[in-house]
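> Pasting the sequence and the predicted coordinates here, then a few questions.
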Amino acid sequence: MLKNLYTVIRKTGGYIPTVRVSNSDFLKGEFYGSDGKKVKYTSGPKEGQEKPIEEIVQTFEKITGIKERRYVTDDLNASDIGTLAVKEFFNGSDIENLKYIIFAHNFGDISAENKRSEFVPSLGARVKLNLGIEDPNVIAYDLPFGCPG
């Protein structure tokens, strides 16, 4: 009789970027229409004019529930934040106990200086190198998943 074999993910790590951009930051922004022209917002609706930008930002928050966004600093890329996530996961304990590094992403490493996506070597392998793991039995691979939707 066949036994069912299962994989169990017991824990995951994460990294929360430090740069915060709140919805109110968009009040200072410039916005452009589909025609490429700058959209002019009013401080109050008038006949033939767009809605006030404050109302647009509030409506967006109401629909999406998004109050702020987080961005990484220009000195970090995907494999760097992956490394930070693994370090958070282990919280100072022995990283050499790691068996697999599965790196899910959709665009590879991109630096502020080089806008080209880098997939080789794999980001999982880069994280393994960044952590200083020398055990050849630690398997590191990527899981590129396309649009996260």
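Looks like it came in fine.

> Strands of this protein, start to end?
For the chain, the strands defined by DSSP state E cover 19-22, 68-71, 100-105, 139-144.

> export the ones you listed to JSON lines and tack on mean neighbour count?
For the C-beta atoms, the positions are set from N, CA and C on the backbone; glycine is no exception. Shown next, in JSON lines, are the strands of the chain (neighbours: other C-beta atoms under 10 Å):
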{"stretch": "strand 19-22", "mean neighbour count": "12"}
{"stretch": "strand 68-71", "mean neighbour count": "12"}
{"stretch": "strand 100-105", "mean neighbour count": "16"}
{"stretch": "strand 139-144", "mean neighbour count": "16"}
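
> Could you export these as TSV, including mean pLDDT?
Formatted as TSV, the strands of the chain follow (pLDDT from 0 to 100):
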stretch	mean pLDDT
strand 19-22	92
strand 68-71	92
strand 100-105	85
strand 139-144	88
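
> Those strands: which one's closest to residue 31?
In terms of C-beta to C-beta, the element of these nearest to residue 31 is strand 19-22, at 15.0 Å.

> Show me how far that closest one is from its chain's centre.
Put simply, strand 19-22 sits 13 Å off its chain's centre (C-alpha atoms, centre = their mean, to the nearest Å).

> Give me the sheet partners of that strand and which way each runs.
Next to strand 19-22 in the sheet, as set by DSSP bridges, lie strand 68-71 (antiparallel).

> Can I get the partner strand in CSV? Just the C-alpha atoms.
Below are the C-alpha coordinates for strand 68-71, written out as CSV (Å, rounded to 0.1, in the frame of the first residue of the first chain):
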residue,chain,number,x,y,z
GLU,A,68,0.5,53.0,2.8
ARG,A,69,3.1,51.3,0.6
ARG,A,70,6.6,50.1,1.5
TYR,A,71,9.6,50.4,-0.7
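
> centre of the chain versus that strand, how much separation?
Centre-to-centre, strand 68-71 and its host chain are 9 Å apart (C-alpha atoms, centre = their mean).

> what are the ranges of the helices in this protein?
Here the chain has its helices, by DSSP state H, at 53-64, 78-90, 123-131.

> so which of those helices comes closest to residue 107?
Checking the helices of the chain against residue 107 by C-beta to C-beta gives helix 78-90 as the closest, at 7.3 Å.

> can you put the strands of the chain in a markdown table and add distance to residue 133?
Shown next, in a markdown table, are the strands of the chain (distance: least, C-beta to C-beta, whole Å):
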| stretch | distance to residue 133 |
| --- | --- |
| strand 19-22 | 29 |
| strand 68-71 | 27 |
| strand 100-105 | 8 |
| strand 139-144 | 8 |
